[in-house]
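Asks: Generate coordinates for the sequence data below:
(one chain, ligands or ions: 1)
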Amino acid sequence: MNELWRLWKLFRPYRLWMLLGIVLAILTLLANVILMAASGWFLATMATAGAAGIVMNYYAPAVLIRGSAIARTAGRYGERLVNHEATFRLIASLRVWFYRHLEPLAPARLQSYHSGDLLSRIRADIDALDNLYVRVLVPVAVAVVSVLLFSVFLLFHSPALALAGLGFLLLAGIALPVWSEFRGRAPGRRIADDEAALRTAVIDGVQGMAELTVYGVTECQAQRIDDLSRRLVADQTRLSSDQGLTQAMVFLCAGLSLWVLLWLAVPMVREGQMPPPQLAMLALFTLASFEAVAPLPHAFQLLGRSLAAARRLFAIVDTEPAVIEPDGPSPRLDHFDIRFSEVSFGYPNAARPALAEISLHVPEGTRAAVIGATGSGKSTLFNLLLKFWTPDAGQIRIGGTDIAELHGDDLRRQIAVVSQHTHLFDATIRENLLIANPDATQAAIEDACRIAQIHDFIAELPEGYDTWVGETGVRLSGGQGRRIAIARALLKDAPILLLDEPTEGLDTATERDLMQALDRLMVGRTVLLITHRPAGLDWVDQVLVLDEGREVAHGDVSVVPQAMQSTLLALSPAACGLAERPA
Ligand SMILES: Nc1ncnc2c1ncn2[C@@H]1O[C@H](COP(=O)(O)OP(=O)(O)OP(=O)(O)O)[C@@H](O)[C@H]1O
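Replies: As a prediction, this is how the structure comes out:
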């Protein structure tokens with residue numbers, strides 16, 4: 001129930017909208033009940049007056065009937081309008097609220113969530129919360145107020161009638177919803193989880209279609225999706241049949257209530273304690289009053305699903321970010337040398353630290369390489385410099401300022417990254433370039449692409465820079481993707497450049513061309529290159545060699561172990577057809 005209270009606090013800014021929606025819903029319901037009761041009374045009065053030959057004024061009841069019919073229609077329209085408006089505002093603000101909590105968690109804390117699961121939380125779970133307002137909160141508020149009013153109304157006629165009416169209303173409005181909530185709790189929770197699992201499985205299946213096909217296991221994935229779908233459908237079927245059953249029970253309660261009313265009231269009429277038209281009025285009133293409690297079983301059934309969704313959202317919202325941002329504004333950076341001082345860091349639940357007491361100083365405008373076998377901690381060094389994680393010990397300074405004093409966004413504005421995993425968005429080439437600098441002119445874009453040696457290729461495409469690159473850039477080769485990354489880095493024009501194995505996986509000729517482009521990009525910037533191969537080491541001023549997170553050597557390129565240097569010769573600038581770097 002803690003979730004309910006937390007949700008209520010999120011709903012608070014919309015309480016006036018909600019109040020208005022609830023008031024309109026109550027007025028609509030009352031108008032309907034008055035319409036039914038007045039019609040019953042009016043028809044019965046007219047019939048008895050006609051039979052007795054009595055002249056009566058039918059204008060006043062007719063006005064009441066027409067008035068309540070119009071009020072019911074207008075009220076329903078207004079209530080839908082207000083409640084939908086409130087719901088959409090609420091959902092919009094919940095999405096923003098969730099995204100605000102999600103963003104600081106990226107990428108460190110989100111690595112344990114699949115993108116399909118996150119998508120499910122952002123979309124389906126937030127949508128499930130709107131049920132809480134429209135299908136739970138509003139009906140409950142309407143039922144509480146209306147049942148009170150109905151009981152008072154019946155009390156005026158007879159305490160026995162009030163007691164009987166209230167008894168059946170409570171049976172339909174409390175007992176059935178409690179049963180419904182109990183039955184819906186487990187499937188509701190499973191539906192939230194299974195929807196997320198299904199989305200994850202479908203995304204995995206589509207993205208990994210090539211691998212699944214190559215290894216001949218598409219059937220297995222299809223079976224997994226099928227199993228999840230069946231479980232989901234089974235739970236949804238159970239909820240639907242429960243919903244049908246509870247609706248039938250509500251009608252049964254209304255019918256029984258009517259029978260009991262007739263059983264109590266007919267003797268009163270016979271004994272002259274109640275005029276006959278009043279009996280017709282009370283009969284229709286009783287039937288109509290169950291409209292107040294009819295939505296409650298379904299509302300409480302949805303409660304389980306909504307609370308499960310809320311719990312899944314709060315699980316993310318309550319996660320502590322891996323990096324705590326400073327309170328004040330970031331200090332201004334005037335220099336861009338990078339200094340790691342005795343930096344140690346271990347990932348949560350890791351067997352050993354990813355980095356242990358690493359120190360490295362890269363003077364402004366110079367280049368350093370971090371080299372080491374796979375898993376030696378090179379990327380971790382970048383992750384710490386980009387403030388995706390916080391070191392467990394030691395400090396990282398840029399221009400003498402501890403990066404802990406800088407906001408992540410301000411820090412990352414000073415850094416461009418070219419890595420082997422360039423993410424290309426499902427957009428045009430131009431849009432993919434503009435993310436580095438949204439204000440870049442076409443001339444600037446083309447200049448960057450010329451230096452990155454990709455302009456000629458783009459210019460030859462029928463749609464040039466407006467060519468759609470496809471999801472994750474499938475329409476570009478690995479080398480072309482990396483050139484786009486270099487062009488992005490040029491457009492960003494940041495003083496610090498991080499190169500994360502930028503030539504990994506490319507053939508020698510492409511690697512050589514790319515190194516030429518990178519050489520232009522590195523000019524005048526503080527560069528940190530990580531690699532597990534010696535390619536490009538001749539262009540750096542110092543090399544740090546890591547092994548299992550520890551420094552094993554540090555100095556000029558001669559400190560690189562002999563075994564690595566022999567490979568290095570094959571990739572020297574001369575071998576790549578490049579001029580030696582000027583001193
Ligand atoms: N997000 C993570 N969560 C937990 N452990 C991680 C994470 N990222 C890396 N590690 C672990 O930390 C160690 C260092 O990894 P890191 O990625 O820094 O190595 P690397 O030298 O960049 O390797 P590669 O050359 O293969 O990219 C490894 O043992 C790795 O398993």
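
Asks: So for this structure, which residue is the most central one in space?
Replies: Centroid check for the chain by C-alpha atoms, centre = their mean gives Ile122 as the closest residue, at 2.0 Å.

Asks: any idea which element the spatially closest residue to that one that is not a sequence neighbour lies in?
Replies: Nearest non-adjacent residue to Ile122, counting by C-beta to C-beta, 6 or more residues apart in numbering: Phe98, 6.4 Å away. Using the backbone N, CA and C atoms, a C-beta is placed for each residue, glycine as well. Following DSSP states H and E, one finds Phe98 within helix 59-102.

Asks: just checking, Leu360 touches Thr366?
Replies: No: Leu360 is beyond contact range of Thr366, at 11.6 Å (criterion: C-beta atoms under 8 Å).

Asks: Val317 is in contact with the residue nearest to Ile122, correct?
Replies: Yes: Phe98 sits in contact with Val317 when judged by C-beta under 8 Å, with a separation of 6.8 Å.

Asks: and these two? which has more neighbours close in?
Replies: Neighbours were counted for Phe98 and for Val317 using other C-beta atoms under 10 Å; Phe98 has more, 21 against 16.

Asks: Now do the contacts for that one.
Replies: Contact partners of Phe98, counting by C-beta atoms under 8 Å, 6 or more residues apart in numbering, are Arg121, Ile122, Ile126, Leu313, Ile316, Val317.

Asks: What is the burial count for the closest residue to the ligand within the stretch 1-150 of the chain?
Replies: Nearest residue of the stretch 1-150 of the chain to the ligand (C-beta to the nearest ligand atom) works out as Gln111 at 5.1 Å. Neighbours of Gln111 under the rule other C-beta under 10 Å: 11.

Asks: who in the stretch 101-250 of the chain is up against the ligand?
Replies: Contact residues, the stretch 101-250 of the chain versus the ligand (C-beta under 6 Å from any ligand atom): Gln111.

Asks: how about the helices in the stretch 101-250 of the chain?
Replies: 115-120, 126-131, 138-157, 159-170, 176-207, 209-214, 218-270 (DSSP state H, counting those that start in this stretch).

Asks: can I get those helices in JSON lines with mean neighbour count and mean pLDDT?
Replies: Below are the helices of the stretch 101-250 of the chain laid out as JSON lines (neighbours: other C-beta atoms under 10 Å; pLDDT from 0 to 100):
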{"stretch": "helix 115-120", "mean neighbour count": "18", "mean pLDDT": "79"}
{"stretch": "helix 126-131", "mean neighbour count": "20", "mean pLDDT": "84"}
{"stretch": "helix 138-157", "mean neighbour count": "18", "mean pLDDT": "93"}
{"stretch": "helix 159-170", "mean neighbour count": "19", "mean pLDDT": "93"}
{"stretch": "helix 176-207", "mean neighbour count": "19", "mean pLDDT": "89"}
{"stretch": "helix 209-214", "mean neighbour count": "12", "mean pLDDT": "89"}
{"stretch": "helix 218-270", "mean neighbour count": "15", "mean pLDDT": "94"}
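
Asks: To Leu381, which of the ones you listed lies closest?
Replies: helix 115-120 (25.9 Å; C-beta to C-beta).

Asks: list the helices and strands that closest one packs on?
Replies: For helix 115-120, the packing partners by 3 or more C-beta pairs under 8 Å, 6 or more residues apart in numbering; DSSP states H and E come out as helix 176-207.

Asks: Let me know the angle separating the helix it packs on from helix 159-170.
Replies: 20 degrees (axes from the mean of the first three to the mean of the last three C-alpha atoms, to 10 degrees).
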